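Trainee: Generate a structure from the sequence data that follows.
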Amino acid sequence: MPQIDSEKLRRDFCALVNMGAGELERWLKTAESRRVGFRRAGERESVGHASGRRIAAILRKAGTALTDEDYAHMRKVVGFIRRHRAQEPANVATSRWRYSLMNWGHDPLKE
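Mentor: Down below sits the predicted model:
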């Protein structure tokens with residue numbers, strides 16, 4: 001990945017992921033977190049919940065320790081958050097929409 005792309009991706013990721021690693025890990029332990037999101041056939045954990053665990057791990061890494069796989073996941077996270085922000089419902093506070101975004105490290109009420 002070219003240096004300019006990774007720097008821009010890191011900036012975009014940090015701008016959109018507004019939950020810290022510890023905060024995200026605490027959220028992922030809640031019933032609300034486990035109730036939302038798409039589950040692949042035969043899987044017990046939603047795609048977003050698994051993503052949240054990976055995001056927390058990325059947040060705990062030093063910038064130079066990020067791998068190509070980390071950057072690929074960061075790109076996926078940025079795309080997901082941008083797409084889902086465009087679908088904001090009338091009631092945000094207790095919506096499945098918000099809870100799903102929080103699984104991806106973005107709490108829309110923090111803005």
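Trainee: Leaving out the residues flanking it, which one is nearest to Val92?
Mentor: Arg98 (5.4 Å; C-beta to C-beta, 6 or more residues apart in numbering). Quick note: C-beta positions are derived from backbone N, CA and C, even for glycine.
Trainee: likewise Arg82?
Mentor: Arg82 sits nearest to Leu16 (C-beta to C-beta, 6+ apart), 7.3 Å away.
Trainee: give the contact list for that neighbour.
Mentor: 77-78, 81-82, 105-106 (C-beta atoms under 8 Å, 6 or more residues apart in numbering).
Trainee: quick check, nearest of those to Trp27?
Mentor: The shortest approach to Trp27 among the contacts of Leu16 belongs to Gly105, at 9.0 Å (C-beta to C-beta).
Trainee: where in the chain is pLDDT low?
Mentor: 1-4, 111 (pLDDT under 70).
Trainee: Determine the longest helix present in it.
Mentor: helix 68-85 (DSSP state H).
Trainee: any idea which helix or strand comes after that one?
Mentor: helix 96-103 (DSSP states H and E).
Trainee: And that following helix, what's buried?
Mentor: Across helix 96-103, burial judged by 16 or more other C-beta atoms under 10 Å covers 97-103.
Trainee: Quick one: list the elements packing against it.
Mentor: helix 21-28, helix 31-35, helix 47-60, helix 68-85 (3 or more C-beta pairs under 8 Å, 6 or more residues apart in numbering; DSSP states H and E).
Trainee: Run the chain-centre distance for the first one.
Mentor: In this case it means helix 21-28. Helix 21-28 has its C-alpha centroid displaced from the chain centroid by 11 Å (C-alpha atoms, centre = their mean, to the nearest Å).
Trainee: what packs against that helix?
Mentor: Against helix 21-28 (3+ C-beta pairs under 8 Å, 6+ apart) you get helix 47-60, helix 96-103.
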